[in-house]
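S.K.: Requesting a structural model of the entry that follows:
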Amino acid sequence: MDIDKKIEELRKEFNEKVDELKREYKEKNEKWIPEEGEEYYFIDEELNVGWNWFDNDDTDEAIVKYNKVFKTEEEAQEYADYLKARKEYSYEFSKEEWEDTRIDKYYIYYDYEDNNMGISSYSAYKLSLIHISEPTRHWAM
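M.R.: Sure thing, here's the model as predicted:
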């Protein structure tokens, strides 16, 4: 096979894969908006799951604009559980605590590949994550 043909085939294959990954990313990160008459779920100010029929009225407009909306109750409940855990177990370290490298800082993470959550620690870096002061605190998801 001619080397130029092989390079062109590989370039085409590469570009197709890039396009596929871009589509997948857009689908995952695009805000879903229900269709007229469609049922949707959301998280209220008390972190409870609520639902509504989408009528495209002022209430729907406000909910969709200022909240995440979900296609299923299960998706909404999973997100509500995450928000509750974040609220309950978050700890905001003082400036002095951040600078003290002897103090471990623990954070909660979600592993998308294994579909589970975990806790890890670090001592010198501040990340934009949920921070907790004790690794042994029990939390439920």
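S.K.: which SS class is residue 35?
M.R.: coil (DSSP: H, G, I helix; E, B strand; the rest coil).
S.K.: contacting residues for it?
M.R.: residue 54 (CB atoms under 8 Å, 6 or more residues apart in numbering). Where you see a C-beta, it was placed from the backbone N, CA and C, and this is true even at glycine.
S.K.: Would you list the phi and psi of it?
M.R.: phi -80, psi 160 (degrees, to the nearest 10).
S.K.: Give me the three-state assignment for residue 102.
M.R.: coil.
S.K.: What is the neighbour count of it?
M.R.: 6 (other CB atoms under 10 Å).
S.K.: just residue 61 next, same as before
M.R.: Neighbour count for residue 61, taken as other CB under 10 Å: 12.
S.K.: buried stuff in the strand or helix carrying it?
M.R.: In this structure, residue 61 is located in helix 58-66 according to DSSP states H and E. For helix 58-66, a neighbour-count test (16 or more other CB atoms under 10 Å) marks 60, 63, 64 as buried.
S.K.: Would you mind confirming that the first one is in contact with residue 54?
M.R.: Yes: with contact defined as CB atoms under 8 Å, residue 60 counts as touching residue 54 (5.3 Å).
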